[in-house]
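Q: Output the structure for:
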Amino acid sequence: MEEDDIFDSDELSMDEDTSSYIEDTEDNESRSDPATGTIVGFVEDKYSKADKARYSDEQRWIKSYQNYRGIYGPDVQFTSTEKSRVFVKVTKTKVLAAYGQIVDVLFGSHKFPISINPTKLPDGVAEAVHFETNPQIKEATSQGLTPDDTKLQPGETIIDLRERLGGLRNKLEPVLDDLREGEGQTPSQPSYHPAMVAAKKMEKKIHDQLDESNASKQLRNTAFETALFGTGIMKGPFALDKEYPNWDDQGNYSPMYKTIPQTSSVSIWNFYPDPDANNMDEAEYVIERHKMSRSQMRSLKNRPFFRANSIDTAIEIGESYSKEWWEQVMEDADQETKAERYNVLEFWGYVDTDILKDHDVDIPKELKDQDQVSVNIWICNGQVLRLVMNPFNPAILPYYAVPYEINPYSFFGVGLAENMDDTQTLMNGFMRMSVDNAALSGNLLIEVDETNLAPGQDLTMYPGKVLRRMGGAPGQAIFGTKFPNVSNENMQMFDKARVLADESTGFPSFAHGQTGIQGVGRTASGISMLMSAANGSIRTVVKNIDDYLLSPLAKAFFSFNMQFDFDPSIKGDLEIKAEGTNSLMANEVRSQRLMQFLGVVQNPALAPFAKMDYIIREIANSMDLDPDKVANSMTDAAIQAEILKKFQAENPPPPQAAPPQQGAPAGAQAQDTQGSGGGQIGTGSVPTPGEPGFTANTGQGQG
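A: Purely as a prediction, here's the structure:
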């Protein structure tokens, strides 16, 4: 394929025929697969090692899940005297509150929280260029009066500058000879920013791809598992065909298909990373476990590089999915350990070429000289469903694991539910004791002296009960004893355990709706201060999401577009920025601070130092408005100002009323000390001697 054809193609080229992969078997009658050698055993060995290494983590997750659901585990044993089995699901309340706050922060700006900007010193694309529009100044500069800061770089020609114009190359072609690098210094020198234009085009493209792949939903699922289990996993991007509903002119359903990069949320239960790694940067491999039906297995044939004959062989062998111990614990109803599904393992990782040779795997010629290769392998029922060299360049493992709270010596983080495990146990214990005590103290303990009662009577007690006594028997036959009520003491201990839960999680109860706040929290400013302090723990979590998930995912999308859907207009030295933490400050507070700063720069002495276009755009963002729709750039603002000036010239304001003439009635022109606008009735100052209107003036006619 020619280079120009690649640029003009609308289809993603991720799965083109030049990729290195293992071809399918010739038929499905024989189960032998000489091209793949014993690679199945290699993947299963890695899976077994990762499965054993995370057993202790699975126990932690099960405990967190049970606390979230309000289920007592087998480790909780009740005595015969304990009647209450109550479970106070405070863990669920806090997990959902933390999850909701994380989602509110991430999507506070109503878009996927990533942005792309040029680096501080962009390479390969100009940061800013300008040209002179004033003919006189252009004539002067052509005679050698060009300032030093508007010259080209040493050794650079106009052609070199043209190559660094990026997406503005065609737009600035008519003024190419007049272009100079750098910001314009005078109003007659409009500036353009090729690096920023390329960055925003790439940002717009990635946001469109994320919206098309429903990445916001996947991110919310990941955020939930992050809060509950301590680790969330996302995967992507992968080129998949998306179906768009469409009907032709006759009403027949004729769907359209478009290849787009997609992401997905991976459950932590199906994720098996390299046990010797503490994060994804250190991982040599990861394995994802799939639970597939027959139809899902057959649909794999439609995806690139999957071996149809091997898939048919795996299906013929039969369902092989065995439930793990944690799956049986999590199911509410006891079911069989087998399921009518297929156990499929997806391997992504770096493998030494010597290992592949030892497993008799056919290595492509162009990769035989490398020490290691990155591969993607799918296996099921001893069959290799897919074996392809990692198509990403540079090679990456397309999984992103984000911890809720970093555990520096483990791959998996610590979640909110685990942090309050002990306090949840204490709350449950004190609540059960309180309920059992209330049941005892709410009923009388009855003591009966049967020697004073007639024999053969039913001793069941109820209101209006009549008991027969023995004739002549002295003393009282029935005694009632009230059991002491200590429920208040137990509830005080429950409240203390709840406070400890706030401390252990860093997520106070008032942050998720607790009423009855005393002290500083009774005022609006006080509760705002408390909420700001409560955001400390969420701020750390969102920063982890920025660093471990959003930033590498955005970089993966950037590399994906540059490799498989290249567009010269978005090429540049760009910087990926995750914007989750930008929403931590309340929009109201941010808007107030921006307005205060805007008031400061209204001072004429400070106005030249302020970037008004940035301030206006940030104010629009703080008000949840689209700045591209409500705010102009500096260039557009200058054009708008000229339009308004021309409009005002063509439509002058109506003339104002002429001031009163000499000889007007007395008091009309006198200084108005009453602030009534110079009215003539009961207003104005009293005329002084010698002024017109003073009655004692000599020689003034009285008419």
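
Q: C-alpha from now on. contacts and neighbour counts both.
A: Noted.

Q: Render the CA-only coordinates of stretch 257-273 in CSV, please.
A: Extracted C-alpha coordinates of stretch 257-273, given in CSV (Å, rounded to 0.1, in the frame of the first residue of the first chain):
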residue,chain,number,x,y,z
TYR,A,257,-20.6,-0.8,10.1
LYS,A,258,-17.7,1.3,11.1
THR,A,259,-14.4,0.3,12.5
ILE,A,260,-13.7,2.3,15.7
PRO,A,261,-11.3,1.9,18.6
GLN,A,262,-13.1,0.6,21.7
THR,A,263,-12.4,0.2,25.3
SER,A,264,-13.9,-2.2,27.9
SER,A,265,-14.1,-2.6,31.6
VAL,A,266,-12.5,-5.8,32.9
SER,A,267,-13.7,-7.3,36.2
ILE,A,268,-11.0,-7.7,38.8
TRP,A,269,-12.1,-11.3,39.2
ASN,A,270,-11.1,-12.2,35.6
PHE,A,271,-7.8,-10.3,35.7
TYR,A,272,-4.5,-12.3,36.4
PRO,A,273,-1.4,-10.1,36.2
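
Q: what comes into contact with that stretch?
A: Contact with stretch 257-273 is made by 11-12, 47, 50-51, 54, 58, 209-210, 212-215, 218-219, 221-222, 225, 231-244, 283, 285-290, as judged by CA atoms under 8 Å, 6 or more residues apart in numbering.

Q: From those, which land in strands?
A: Judged by DSSP state E, the subset of the contacts of stretch 257-273 located in strands is 231-244, 285-290.

Q: Of those residues, just the buried ones, PyMOL syntax please.
A: Entered in PyMOL, the line below selects the buried ones among the ones in strands among the contacts of stretch 257-273, by 16 or more other CA atoms under 10 Å:
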select buried, resi 231+232+233+234+235+236+237+238+239+240+242+285+286+287+288+289+290
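
Q: The residue nearest to residue 601 when sequence neighbours are not counted and residue 597: what is the separation?
A: In this structure, residue 601 finds its nearest non-sequential neighbour in residue 607, 5.0 Å apart by CA to CA, 6 or more residues apart in numbering. Using CA to CA, to the nearest Å, we find residue 607 at a distance of 11 Å from residue 597.

Q: what's the neighbour count on residue 63?
A: Neighbourhood size, residue 63 [other CA atoms under 10 Å]: 19.

Q: So which elements touch the strand or helix carrying residue 447?
A: Using DSSP states H and E, residue 447 sits within strand 444-448. Helices and strands touching strand 444-448, by 3 or more CA pairs under 8 Å, 6 or more residues apart in numbering; DSSP states H and E, are strand 478-482.

Q: Give the buried residues for the strand it packs on.
A: Using 16+ other CA under 10 Å as the test for burial, strand 478-482 gives no buried residues.

Q: what does stretch 272-292 give?
A: Buried residues in stretch 272-292, counted by 16+ other CA under 10 Å: 272-275, 278-280, 283-292.

Q: Could I get the phi/psi values of residue 280?
A: According to degrees, to the nearest 10, the main-chain angles of residue 280 amount to phi -70, psi -30.

Q: That one is in contact with residue 401, isn't it?
A: Yes. Residue 280 lies in contact with residue 401 (CA atoms under 8 Å); the separation is 6.8 Å.

Q: Report how far apart the opening and closing residues of stretch 263-274 are.
A: With CA to CA applied, stretch 263-274 spans 22 Å between its terminal residues.

Q: Identify each buried residue in that stretch, please.
A: By 16+ other CA under 10 Å, the buried positions in stretch 263-274 come out as 263-268, 271-274.

Q: what's the answer for stretch 209-228, then?
A: 209-210, 213, 215-216, 218-228.

Q: Filter those down to the ones in helices?
A: Judged by DSSP state H, these include 209-210, 215-216, 218-228 as members of helices.

Q: Provide the contact partners of stretch 202-209 at residue level.
A: Stretch 202-209 has contacts (CA under 8 Å, 6+ apart) with 111-112, 115-116, 260-262, 554, 557-558, 570.

Q: If any of these are buried, give me the ChimeraX selection for them.
A: Buried residues among the contacts of stretch 202-209 (16+ other CA under 10 Å), as a ChimeraX selection:
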select :112,115,116,260,261,262,554,557,558,570
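
Q: Just give me the neighbour total for residue 103.
A: As a burial measure, residue 103 scores 19 neighbours (other CA under 10 Å).

Q: before we move on, back to that, quick check: of the buried residues of stretch 263-274, which lies closest to residue 449?
A: When the buried residues of stretch 263-274 are compared for distance to residue 449 (CA to CA), residue 268 wins out at 64.7 Å.

Q: Report the separation between the closest one and residue 47.
A: For residue 268, the distance to residue 47 equals 15 Å [CA to CA].

Q: Also residue 478?
A: Computed as CA to CA, the residue 478 to residue 47 distance reads 71 Å.

Q: Then residue 244?
A: Here residue 244 is placed at a distance of 37 Å from residue 47 (CA to CA).

Q: For the strand holding residue 447, which strands pair with it and how are they oriented?
A: Within its sheet, strand 444-448 is paired with strand 478-482 (antiparallel), according to DSSP bridges.

Q: hey, where'd the helices end up in the stretch 301-450 of the chain?
A: Applying DSSP state H, counting those that start in this stretch to the stretch 301-450 of the chain gives helices spanning 308-317, 325-330, 353-358, 416-419, 421-441.

Q: so of those, which one's packed in deepest?
A: Counting by mean count of other CA atoms under 10 Å, helix 416-419 has the highest mean neighbour count of these, with a mean of 24.

Q: outside of that helix, which residues touch it?
A: Against helix 416-419 from outside (CA under 8 Å, 6+ apart): 60, 63-64, 67-68, 91, 94-95, 227-230, 404, 504-505.

Q: Would you mind checking the residues you listed for buried ones?
A: Among the contacts of helix 416-419, those buried by neighbour count (16+ other CA under 10 Å) are 60, 63-64, 67-68, 91, 94-95, 227-230, 404, 504-505.

Q: out of these, who's nearest residue 547?
A: Within those, proximity to residue 547 (CA to CA) peaks at residue 404, which comes in at 11.8 Å.

Q: Tell me who's in contact with the spatially closest residue to that closest one that is not a sequence neighbour.
A: In space, and not counting its chain neighbours, residue 404 is closest to residue 230: 4.8 Å by CA to CA, 6+ apart. Residues near residue 230 by CA under 8 Å, 6+ apart: 403-405, 412-416.
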